[in-house]
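Visitor: sequence and predicted structure, then a few things I'm wondering about:
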Amino acid sequence: MLEINKLHASVIDIENSEILNGIDLTVNKGEVHAIMGPNGSGKSTLANVLMGRPDYEVTGGDITFQNQSIIDLAPDQRAHLGMFLAFQYPAEIPGVRPWQFLKSALDSKAEATGEQKMSVRNFSKLFDEKVQAVGINPALVKRSLNEGFSGGEKKRNEMLQLEVLQPTLAILDETDSGLDVDALRIVAEGVNSMRSPERSFIVVTHYQRLLNYITPDVVHILVNGEIVKTGGPELALEVEKDGYKEYLSTSEVTA
Amino acid sequence: MTLVTSPDAVDKFSSAYEKFTVEKATSPNWVKKLREQAWSTFSEIGIPTKRRGNELWKYTNLQPLTALDFYAGHSGSVTTARIKNSAPWDDDWHTLVVVDGKFSSELSRINDIDGLQLISLNEAIETETDDLKSLLATLAGKEEYAFSALNTAFLDDGAYVSVAEGVKIEQPIHVVHVTSESVESRAVYPRLLVDARAGSSIVLIETHLNIATTSQFSAPVVEIFQGESSSLRHYRVQMENEISFHLGTTRVSQQSDTDFTSTSFAVGAQIARNDIHSLLDAPGASCTLHGLYMTNGVQHQDQEISTTHAKPGGTSDQFYKGILSGKSQAVFSGKVIVMRDAQKSDASQKDLNLLLSRGAEVDAKPSLEIYADDITASHGATAGHVDRDTLFYLQSRGVDEESAKAILVRGFAEEMLNEFEPTALYDFVERVTDERIPVLLSESDTIGTA
Ligand SMILES: Nc1ncnc2c1ncn2[C@@H]1O[C@H](COP(=O)(O)OP(=O)(O)OP(=O)(O)O)[C@@H](O)[C@H]1O
Ligand SMILES: [Mg+2]
């Protein structure tokens, strides 16, 4: 489904600002990959580059999604192909109500893919259902998108959008950070219920806590913009116990 | 040989003034006197220009206005259908239509309600009540301000709203000031006087528009007198065509425990200035002046907003938002004066601007002039661009760039639009905004181009 080949990326318009130093990663249909790594290692950068954030420039390598190179596609075109990013720090958007925004997101996708737009009535039903499922206070979604939301509320709102948009590849960047236990379970249940042979996940996390609920198929350790180790779910347990010391020193040596 | 220089552009108005005084020879003496005084004020100051070192006009250049010649041409016909088409409208509202400054009883729809008087200003003058004499042109006209003086010099009809003590009117009173079609450019002087007695409560909507395709000049004056404990919800919609000039003056005087809340929607004219001043003339008055302005092309929008706290315990809140594109300009000049007597006053000022193009420019100068020591005040102004992070956020969810920009611009306007409470009015400003946003974005060059 997703193939990342020797991906190099740096901050746009800043020389020698390389953050991703040759990432190779393949995510097959139906798989859940966890990405772990120390602060500042490039996890969010990878997630954002996958989604096409204009702040970064791909300086080498390629990304293919559904057998198509997506490097030159705009973020919305990537979304139309079925990609989704749940942000580590979701933007606050004054004056934009989640309901309206999600409806236009779905409409844009329908327009791009030539599908029929969902009726307001059906959309409202779906929306209300999902609002309940992710446990967002309905009063919140009447407010501006994320404006004045607490950290946890913002994350729940990301889950709401994930569940409404039903992407084929969902990238979750620390959606579990800053959540209380109930919210954590909601995120995990959301992911588990959406897990299907046709849908894949990349879950960026610092904690084994989430992986107790969502058992990943593959775990990667990202250090200094490189994947330094790939393994099974047991790798996450090792990290929990020993930290990243071992990888930090090796990568310093190679650097 | 001596060169006689007359103040800028007074000449353009003097023959019209002479003709006017001949026509109005039978006006009551007190009205004639008001006109004469105002004319002499105007003749001294003329049309203000930048180069006169005038701080009030530093950012607004009226040269395009002074370049015009004004004719006393005939007014074109205006129909209700035409007004409904271009102004907010609700059959249940009390509607007063003023065409080229003249009250039109055919186009107005006035329902009979005890304690509410909605008549032409001429009729009010003819009845010669002492009440009117004690109010007319006392707030606007005697001051040293060119456009209220000019309007007063040509004082001739308009609308008069009087609400008796304790009377609360639910349906909005809508005053439509319309400039009709004419081949030539004309100067029109609409006037509205509102006498809201103690304990009364009304909703007042003012719409300023022209249905002309030519360049027109309108210098409306609105005077509002609020008796104690009265409440007035005011809305102002200003949307003349983009080659016209609007130089509006609004003067409000508030007695104790009054509430004046105003929201303006200013999107029209080539050069528009909305000059509003409220005087908190007694303790415990509250004044809220909010507004949204949108400009594109070479439009110029100037919000000249001031509040004077003369007595203690008053609250004032100025909050404007602007969306600018193309090579347009906006000025926010917000002033709050807290006099020595006005202890325990609370004043806040804010002007937030969204610049959609590099060629757009905003000059924001919020200022507080404080002579009392025990008060609370805050002020601030910002000018920003559409945020790239938010744009990316929306796009990542599948919204294309153009729609994402439109959503963000609309989101910026939302809180002001929400202040327009009467349904038909909200629907109107919302529609105008939604139609305007694509135009603003088509002249935009600062976002999403990285
Ligand atoms: N737009 C940017 N401009 C400048 N530097 C950037 C930018 N984005 C990322 N960086 C830098 O790149 C490095 C990787 O950042 P990134 O956010 O990807 O880390 P992370 O692995 O997600 O960390 P965390 O675990 O703290 O979320 C950091 O040093 C960061 O400061
Ligand atoms: Mg991160």
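Guide: Cool, got the structure. Ligands and ions are numbered 1, 2, ... in the order given.
Visitor: switch to C-alpha atoms for all contacts and neighbour counts from now on
Guide: Noted.
Visitor: quick one: terminal-to-terminal distance for stretch A:222-242?
Guide: Taking C-alpha to C-alpha, to the nearest Å, stretch A:222-242 runs 15 Å from one end to the other.
Visitor: could you pull up the mean pLDDT of that stretch?
Guide: Averaged across stretch A:222-242, the pLDDT comes to 92.
Visitor: check which residues of that stretch are buried.
Guide: For stretch A:222-242, a neighbour-count test (16 or more other C-alpha atoms under 10 Å in any protein chain shown) marks A:222-228, A:230, A:233, A:235-237, A:239 as buried.
Visitor: secondary structure class for the closest residue to B:I169 other than its chain neighbours?
Guide: Spatially, and ignoring its direct neighbours in sequence, B:I169 is nearest to B:I202 (5.2 Å; C-alpha to C-alpha, 6 or more residues apart in numbering or on different chains). B:I202 falls in the strand class when you classify it by DSSP: H, G, I helix; E, B strand; the rest coil.
Visitor: around B:I202, count how many other residues there are.
Guide: The number of residues packed near B:I202 is 20, by other C-alpha atoms under 10 Å in any protein chain shown.
Visitor: look up the residues forming beta bridges with it.
Guide: Beta-bridge partners for B:I202, by DSSP bridges, are B:L232.
Visitor: pretty sure it is touching B:Y235, no?
Guide: No. Contact criterion C-alpha atoms under 8 Å: B:I202 and B:Y235 do not qualify, at 11.3 Å.
Visitor: tell me the spacing between the nearest residue to B:F428 once chain neighbours are set aside and B:V188.
Guide: Spatial nearest neighbour of B:F428, chain neighbours left out: B:P88 (5.5 Å); criterion: C-alpha to C-alpha, 6+ apart. B:P88 sits at a distance of 21 Å from B:V188 (criterion: C-alpha to C-alpha).
Visitor: likewise A:S193?
Guide: In terms of C-alpha to C-alpha, A:S193 sits 68 Å off from B:V188.
Visitor: where along the chain do the helices fall?
Guide: Using chain A. A:43-51, A:75-81, A:98-113, A:120-133, A:151-165, A:181-194, A:208-213, A:234-242, A:245-254 (DSSP state H).
Visitor: not quite, go with chain B.
Guide: With DSSP H as the definition, chain B shows helices at residue ranges B:11-23, B:29-45, B:63-66, B:80-86, B:121-127, B:130-135, B:146-153, B:388-396, B:401-417, B:423-442.
Visitor: closest to B:A330 out of those?
Guide: For those, distance to B:A330 was read as C-alpha to C-alpha. The smallest value, 14.2 Å, belongs to helix B:423-442.
Visitor: let me see the contact set for A:S17.
Guide: Going by C-alpha atoms under 8 Å, 6 or more residues apart in numbering or on different chains, A:S17 touches A:10-11.
Visitor: now do it, the pLDDT please.
Guide: Predicted confidence (pLDDT) for A:S17: 90.
Visitor: dihedrals phi and psi, it?
Guide: For A:S17, the backbone dihedrals are phi -110, psi 30 (criterion: degrees, to the nearest 10).
Visitor: ok, it to ligand 1 distance?
Guide: As judged by C-alpha to the nearest ligand atom, to the nearest Å, A:S17 and ligand 1 stand 7 Å apart.
Visitor: same deal with B:K12?
Guide: Note on B:K12: its distance to ligand 1, by C-alpha to the nearest ligand atom, is 59 Å.
Visitor: okay, the helices of chain A, which one's buried deepest?
Guide: The highest mean neighbour count among the helices of chain A, using mean count of other C-alpha atoms under 10 Å in any protein chain shown, belongs to helix A:75-81: a mean of 25.
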